[in-house]
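A.B. asks: Fold the following.
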Amino acid sequence: MYNRRKAIQTLFTGTATVAAAPFLLQMKSNTAFDIASSSLKGNINHAVCRWTYQYLPLDTLCTTAKQIGIKGIDLVGPADWPVLKKYGLTSSMCNGAELNLTDGWADTKFHAALISRYKEHIALVAKAGYKNLICFSGSRRGMDDETGWNNCVQGLKQIMGDAEKNNVTIVMELLNSKIDHKDYMCDHTKWGVELCKRIGSPNFKLLYDIYHMQIDEGDVIRTIQEYHPYIAHYHTGGVPGRHEINDTQELYYPAIMKAIVATGFNDFVAQEFIPTGNDKIESLKKAVAICDV
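C.D. replies: Next up is the predicted model:
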(Lines give C-alpha, C1' and ligand atoms only; values in the text may rest on other atoms or scores of the structure.)
Protein backbone atom coordinates (compact mmCIF):
# COMPACT_ATOMS: atom_id res chain seq x y z
CA MET A 1 0.00 0.00 0.00
CA TYR A 2 1.31 3.41 -0.90
CA ASN A 3 1.57 6.31 1.54
CA ARG A 4 0.56 9.28 -0.54
CA ARG A 5 -0.34 11.39 2.49
CA LYS A 6 3.20 11.17 3.88
CA ALA A 7 4.84 11.65 0.50
CA ILE A 8 2.82 14.73 -0.41
CA GLN A 9 3.32 16.23 3.04
CA THR A 10 7.06 15.84 2.55
CA LEU A 11 6.90 17.61 -0.79
CA PHE A 12 4.74 20.40 0.65
CA THR A 13 7.25 21.21 3.33
CA GLY A 14 10.23 20.99 1.01
CA THR A 15 12.09 18.61 3.30
CA ALA A 16 12.35 15.69 0.91
CA THR A 17 15.77 14.08 0.84
CA VAL A 18 16.59 13.23 -2.74
CA ALA A 19 18.60 10.19 -3.68
CA ALA A 20 19.98 10.41 -7.18
CA ALA A 21 21.98 7.18 -7.12
CA PRO A 22 19.09 4.83 -8.07
CA PHE A 23 18.36 7.00 -11.08
CA LEU A 24 21.97 6.96 -12.23
CA LEU A 25 21.90 3.18 -12.18
CA GLN A 26 18.70 3.17 -14.22
CA MET A 27 19.99 5.65 -16.77
CA LYS A 28 22.86 3.29 -17.57
CA SER A 29 20.34 1.07 -19.32
CA ASN A 30 17.95 3.83 -20.38
CA THR A 31 20.01 6.16 -22.52
CA ALA A 32 17.61 5.73 -25.43
CA PHE A 33 13.87 6.03 -24.90
CA ASP A 34 11.45 4.00 -26.98
CA ILE A 35 8.76 6.65 -26.67
CA ALA A 36 9.27 10.16 -27.99
CA SER A 37 6.89 13.07 -28.24
CA SER A 38 6.68 12.64 -32.00
CA SER A 39 5.51 9.03 -31.67
CA LEU A 40 2.58 9.75 -29.35
CA LYS A 41 -0.88 9.97 -30.90
CA GLY A 42 -1.79 13.31 -29.32
CA ASN A 43 -5.24 12.26 -28.07
CA ILE A 44 -4.11 12.24 -24.44
CA ASN A 45 -2.12 14.96 -22.69
CA HIS A 46 0.21 12.90 -20.53
CA ALA A 47 1.42 13.92 -17.07
CA VAL A 48 3.07 12.28 -14.08
CA CYS A 49 2.62 12.94 -10.37
CA ARG A 50 5.69 14.39 -8.71
CA TRP A 51 5.38 12.43 -5.46
CA THR A 52 5.54 9.03 -7.16
CA TYR A 53 9.06 9.84 -8.38
CA GLN A 54 10.17 11.91 -5.41
CA TYR A 55 13.49 10.04 -5.21
CA LEU A 56 14.52 11.91 -8.37
CA PRO A 57 15.64 15.54 -8.39
CA LEU A 58 12.90 17.57 -10.06
CA ASP A 59 15.27 18.60 -12.86
CA THR A 60 15.92 14.94 -13.61
CA LEU A 61 12.22 14.07 -13.58
CA CYS A 62 11.57 16.97 -15.98
CA THR A 63 14.23 15.91 -18.48
CA THR A 64 13.00 12.32 -18.29
CA ALA A 65 9.39 13.41 -18.79
CA LYS A 66 10.35 15.45 -21.84
CA GLN A 67 12.14 12.47 -23.38
CA ILE A 68 9.10 10.26 -22.87
CA GLY A 69 6.68 12.84 -24.26
CA ILE A 70 5.03 13.84 -20.99
CA LYS A 71 3.78 17.43 -21.00
CA GLY A 72 2.94 18.07 -17.36
CA ILE A 73 3.92 17.33 -13.77
CA ASP A 74 1.12 16.98 -11.23
CA LEU A 75 1.16 18.13 -7.61
CA VAL A 76 3.89 20.72 -7.83
CA GLY A 77 3.64 23.96 -5.84
CA PRO A 78 4.77 27.52 -6.59
CA ALA A 79 8.34 27.09 -5.33
CA ASP A 80 9.07 24.54 -8.06
CA TRP A 81 7.17 26.07 -10.98
CA PRO A 82 10.31 27.83 -12.31
CA VAL A 83 11.93 24.41 -12.76
CA LEU A 84 8.97 23.17 -14.80
CA LYS A 85 9.02 26.30 -16.94
CA LYS A 86 12.73 25.83 -17.61
CA TYR A 87 11.90 22.55 -19.33
CA GLY A 88 8.74 23.72 -21.07
CA LEU A 89 6.48 21.60 -18.86
CA THR A 90 3.23 22.68 -17.26
CA SER A 91 2.06 22.29 -13.68
CA SER A 92 -0.90 20.19 -14.76
CA MET A 93 -2.44 20.05 -11.26
CA CYS A 94 -1.12 22.70 -8.89
CA ASN A 95 -1.05 22.19 -5.15
CA GLY A 96 0.06 23.91 -1.96
CA ALA A 97 -3.14 25.71 -0.93
CA GLU A 98 -4.59 22.73 0.93
CA LEU A 99 -3.84 22.07 4.59
CA ASN A 100 -3.63 18.27 4.15
CA LEU A 101 -5.90 15.46 2.97
CA THR A 102 -7.96 15.22 6.17
CA ASP A 103 -8.59 18.84 7.21
CA GLY A 104 -10.66 20.08 4.30
CA TRP A 105 -13.69 22.02 3.14
CA ALA A 106 -16.23 19.68 4.75
CA ASP A 107 -15.37 21.04 8.20
CA THR A 108 -16.12 24.70 8.84
CA LYS A 109 -13.38 25.06 11.43
CA PHE A 110 -10.83 24.96 8.62
CA HIS A 111 -12.58 27.47 6.37
CA ALA A 112 -10.79 30.61 7.51
CA ALA A 113 -7.36 29.13 6.85
CA LEU A 114 -8.41 27.50 3.60
CA ILE A 115 -10.08 30.60 2.19
CA SER A 116 -6.97 32.68 2.85
CA ARG A 117 -4.64 30.11 1.36
CA TYR A 118 -6.75 29.45 -1.71
CA LYS A 119 -7.24 33.12 -2.52
CA GLU A 120 -3.47 33.55 -2.41
CA HIS A 121 -2.76 30.45 -4.51
CA ILE A 122 -5.44 31.19 -7.10
CA ALA A 123 -3.64 34.43 -7.86
CA LEU A 124 -0.30 32.61 -8.05
CA VAL A 125 -1.67 29.90 -10.35
CA ALA A 126 -3.15 32.50 -12.69
CA LYS A 127 0.01 34.59 -12.74
CA ALA A 128 2.05 31.50 -13.66
CA GLY A 129 -0.32 30.73 -16.53
CA TYR A 130 -1.69 27.50 -15.05
CA LYS A 131 -5.32 26.60 -14.53
CA ASN A 132 -5.93 23.66 -12.14
CA LEU A 133 -5.65 23.88 -8.34
CA ILE A 134 -6.39 20.80 -6.25
CA CYS A 135 -8.57 20.71 -3.15
CA PHE A 136 -9.91 18.08 -0.76
CA SER A 137 -13.14 17.55 1.14
CA GLY A 138 -11.24 16.24 4.14
CA SER A 139 -12.60 13.76 6.67
CA ARG A 140 -16.26 13.15 7.44
CA ARG A 141 -15.84 13.28 11.24
CA GLY A 142 -19.34 11.90 11.84
CA MET A 143 -21.09 14.31 9.45
CA ASP A 144 -23.87 13.10 7.17
CA ASP A 145 -23.76 13.86 3.45
CA GLU A 146 -26.05 16.87 3.68
CA THR A 147 -23.93 18.55 6.34
CA GLY A 148 -20.79 17.86 4.32
CA TRP A 149 -22.30 19.34 1.15
CA ASN A 150 -23.56 22.41 2.97
CA ASN A 151 -20.23 23.03 4.68
CA CYS A 152 -18.26 22.61 1.46
CA VAL A 153 -20.57 24.96 -0.42
CA GLN A 154 -20.39 27.54 2.35
CA GLY A 155 -16.61 27.62 2.23
CA LEU A 156 -15.89 27.06 -1.45
CA LYS A 157 -18.32 29.71 -2.66
CA GLN A 158 -16.13 32.27 -0.89
CA ILE A 159 -13.26 31.53 -3.28
CA MET A 160 -15.13 30.75 -6.50
CA GLY A 161 -15.36 34.41 -7.50
CA ASP A 162 -11.55 34.61 -7.41
CA ALA A 163 -11.29 31.36 -9.37
CA GLU A 164 -13.69 32.52 -12.06
CA LYS A 165 -12.08 35.95 -12.37
CA ASN A 166 -8.64 34.34 -12.76
CA ASN A 167 -9.78 31.46 -15.01
CA VAL A 168 -8.58 28.91 -12.46
CA THR A 169 -10.45 25.64 -11.86
CA ILE A 170 -10.70 24.37 -8.30
CA VAL A 171 -10.55 20.58 -8.55
CA MET A 172 -11.66 18.32 -5.70
CA GLU A 173 -10.08 14.88 -5.75
CA LEU A 174 -12.12 11.73 -5.29
CA LEU A 175 -10.29 9.41 -2.86
CA ASN A 176 -11.28 5.98 -1.60
CA SER A 177 -12.29 5.69 2.06
CA LYS A 178 -12.13 1.90 2.09
CA ILE A 179 -8.36 1.31 2.01
CA ASP A 180 -6.19 4.42 1.82
CA HIS A 181 -8.08 7.40 3.23
CA LYS A 182 -10.42 6.21 5.93
CA ASP A 183 -13.30 8.61 6.65
CA TYR A 184 -12.64 10.79 3.57
CA MET A 185 -15.94 12.41 2.60
CA CYS A 186 -15.69 12.89 -1.17
CA ASP A 187 -15.28 9.16 -1.77
CA HIS A 188 -17.88 8.54 -4.48
CA THR A 189 -18.40 10.22 -7.83
CA LYS A 190 -22.09 10.95 -7.15
CA TRP A 191 -21.16 12.81 -3.96
CA GLY A 192 -18.67 14.95 -5.85
CA VAL A 193 -21.06 15.58 -8.74
CA GLU A 194 -23.76 16.74 -6.33
CA LEU A 195 -21.26 19.18 -4.81
CA CYS A 196 -20.43 20.50 -8.28
CA LYS A 197 -24.14 21.05 -8.97
CA ARG A 198 -24.66 22.90 -5.69
CA ILE A 199 -21.67 25.17 -6.24
CA GLY A 200 -22.87 25.82 -9.76
CA SER A 201 -19.64 27.16 -11.22
CA PRO A 202 -17.81 25.94 -14.35
CA ASN A 203 -14.63 26.57 -12.36
CA PHE A 204 -15.32 23.82 -9.84
CA LYS A 205 -14.85 20.23 -10.99
CA LEU A 206 -13.57 16.83 -9.93
CA LEU A 207 -10.32 14.90 -10.18
CA TYR A 208 -11.41 11.39 -11.03
CA ASP A 209 -8.74 9.08 -9.65
CA ILE A 210 -9.32 5.79 -11.43
CA TYR A 211 -7.49 3.77 -8.77
CA HIS A 212 -9.52 5.24 -5.91
CA MET A 213 -12.88 4.97 -7.64
CA GLN A 214 -12.30 1.38 -8.72
CA ILE A 215 -11.87 0.54 -5.04
CA ASP A 216 -14.89 2.42 -3.70
CA GLU A 217 -17.43 2.07 -6.51
CA GLY A 218 -16.10 0.31 -9.64
CA ASP A 219 -18.09 0.76 -12.88
CA VAL A 220 -15.33 3.05 -14.12
CA ILE A 221 -16.13 3.42 -17.82
CA ARG A 222 -19.87 3.95 -17.41
CA THR A 223 -19.22 6.48 -14.63
CA ILE A 224 -16.83 8.43 -16.87
CA GLN A 225 -19.36 8.37 -19.70
CA GLU A 226 -22.16 9.68 -17.46
CA TYR A 227 -20.31 12.24 -15.38
CA HIS A 228 -17.50 13.48 -17.64
CA PRO A 229 -18.84 17.08 -17.74
CA TYR A 230 -17.91 17.34 -14.06
CA ILE A 231 -14.39 15.89 -14.43
CA ALA A 232 -11.39 18.14 -15.05
CA HIS A 233 -8.54 15.69 -14.56
CA TYR A 234 -7.69 11.98 -14.25
CA HIS A 235 -5.17 9.96 -12.25
CA THR A 236 -4.11 6.38 -12.97
CA GLY A 237 -3.03 3.54 -10.72
CA GLY A 238 -3.17 -0.24 -10.71
CA VAL A 239 -5.66 -2.04 -8.47
CA PRO A 240 -4.82 -3.45 -5.99
CA GLY A 241 -1.87 -1.61 -4.51
CA ARG A 242 -1.56 1.43 -6.82
CA HIS A 243 1.28 -0.14 -8.76
CA GLU A 244 1.92 -0.49 -12.51
CA ILE A 245 -1.11 -0.31 -14.80
CA ASN A 246 -0.04 -3.36 -16.82
CA ASP A 247 -1.51 -6.88 -16.85
CA THR A 248 -0.60 -7.49 -13.20
CA GLN A 249 -3.75 -5.69 -12.02
CA GLU A 250 -7.50 -5.80 -12.59
CA LEU A 251 -8.17 -2.73 -14.77
CA TYR A 252 -7.80 -2.58 -18.55
CA TYR A 253 -6.49 0.91 -19.11
CA PRO A 254 -6.61 1.05 -22.93
CA ALA A 255 -10.41 0.72 -22.78
CA ILE A 256 -10.64 3.31 -20.01
CA MET A 257 -8.51 5.77 -21.97
CA LYS A 258 -10.60 5.23 -25.11
CA ALA A 259 -13.71 6.01 -23.08
CA ILE A 260 -12.09 9.22 -21.79
CA VAL A 261 -11.09 10.31 -25.30
CA ALA A 262 -14.60 9.55 -26.59
CA THR A 263 -16.06 12.10 -24.16
CA GLY A 264 -14.08 14.85 -25.87
CA PHE A 265 -11.76 15.30 -22.90
CA ASN A 266 -8.65 17.26 -23.90
CA ASP A 267 -6.91 17.99 -20.61
CA PHE A 268 -4.41 15.87 -18.63
CA VAL A 269 -4.26 12.24 -17.53
CA ALA A 270 -1.51 11.88 -14.92
CA GLN A 271 0.27 8.65 -14.01
CA GLU A 272 0.03 8.19 -10.24
CA PHE A 273 1.26 4.67 -9.58
CA ILE A 274 4.10 3.41 -7.40
CA PRO A 275 6.49 1.48 -9.65
CA THR A 276 7.64 -1.84 -8.22
CA GLY A 277 10.25 -2.92 -10.76
CA ASN A 278 13.96 -2.18 -10.66
CA ASP A 279 13.62 0.02 -13.74
CA LYS A 280 11.12 2.61 -12.58
CA ILE A 281 11.53 4.83 -15.63
CA GLU A 282 10.70 1.89 -17.88
CA SER A 283 7.49 1.45 -15.88
CA LEU A 284 6.58 5.07 -16.57
CA LYS A 285 7.35 4.70 -20.28
CA LYS A 286 5.14 1.63 -20.50
CA ALA A 287 2.30 3.34 -18.65
CA VAL A 288 2.35 6.25 -21.09
CA ALA A 289 2.34 3.78 -24.00
CA ILE A 290 -0.62 1.91 -22.51
CA CYS A 291 -2.60 5.13 -22.10
CA ASP A 292 -1.68 6.61 -25.48
CA VAL A 293 -4.78 5.50 -27.38
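A.B. asks: From here on, just use CA atoms for contacts and neighbour counts.
C.D. replies: OK.
A.B. asks: so is Ile73 in a helix, a strand, or just coil?
C.D. replies: strand (DSSP: H, G, I helix; E, B strand; the rest coil).
A.B. asks: so how far is Trp51 from it?
C.D. replies: For Ile73, the distance to Trp51 equals 10 Å [Cα to Cα, to the nearest Å].
A.B. asks: The stretch 1-150 of the chain: strands as residue ranges?
C.D. replies: Per DSSP state E, counting those that start in this stretch, the stretch 1-150 of the chain carries strands over the ranges 45-49, 72-76, 90-94, 132-135.
A.B. asks: could those go into JSON lines alongside mean pLDDT?
C.D. replies: Shown next, in JSON lines, are the strands of the stretch 1-150 of the chain (pLDDT from 0 to 100):
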{"stretch": "strand 45-49", "mean pLDDT": "98"}
{"stretch": "strand 72-76", "mean pLDDT": "98"}
{"stretch": "strand 90-94", "mean pLDDT": "98"}
{"stretch": "strand 132-135", "mean pLDDT": "98"}
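A.B. asks: Just tell me which of the ones you listed ends up closest to Met143.
C.D. replies: Nearest of the strands of the stretch 1-150 of the chain to Met143, taken as Cα to Cα: strand 132-135 at 18.9 Å.
A.B. asks: quick one: contacts of that closest one?
C.D. replies: If you take Cα atoms under 8 Å, 6 or more residues apart in numbering as the criterion, strand 132-135 is touched by 92-95, 97-98, 104, 122, 125, 168-173.
A.B. asks: ok, now stretch 237-255?
C.D. replies: With Cα under 8 Å, 6+ apart as the test, stretch 237-255 has contacts from 1-2, 210-211, 214-215, 236, 271-276, 283, 287, 290-293.
A.B. asks: try 10 Å this time
C.D. replies: 1-2, 179-180, 209-212, 214-215, 218, 220-221, 236, 259-261, 270-277, 280, 283-284, 286-293 (Cα atoms under 10 Å, 6 or more residues apart in numbering).
A.B. asks: Give me the phi and psi for Pro240.
C.D. replies: phi -90, psi 160 (degrees, to the nearest 10).
A.B. asks: Show me where the stretch 51-200 of the chain has its helices.
C.D. replies: 58-68, 81-86, 111-128, 145-165, 189-199 (DSSP state H, counting those that start in this stretch).
A.B. asks: got TSV for these, with mean neighbour count, mean pLDDT and distance to Ser39 too?
C.D. replies: What follows is those, written out as TSV (neighbours: other Cα atoms under 10 Å; pLDDT from 0 to 100; distance: least, Cα to Cα, whole Å):
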stretch	mean neighbour count	mean pLDDT	distance to Ser39
helix 58-68	19	98	10
helix 81-86	15	98	22
helix 111-128	18	98	29
helix 145-165	18	98	36
helix 189-199	18	98	34
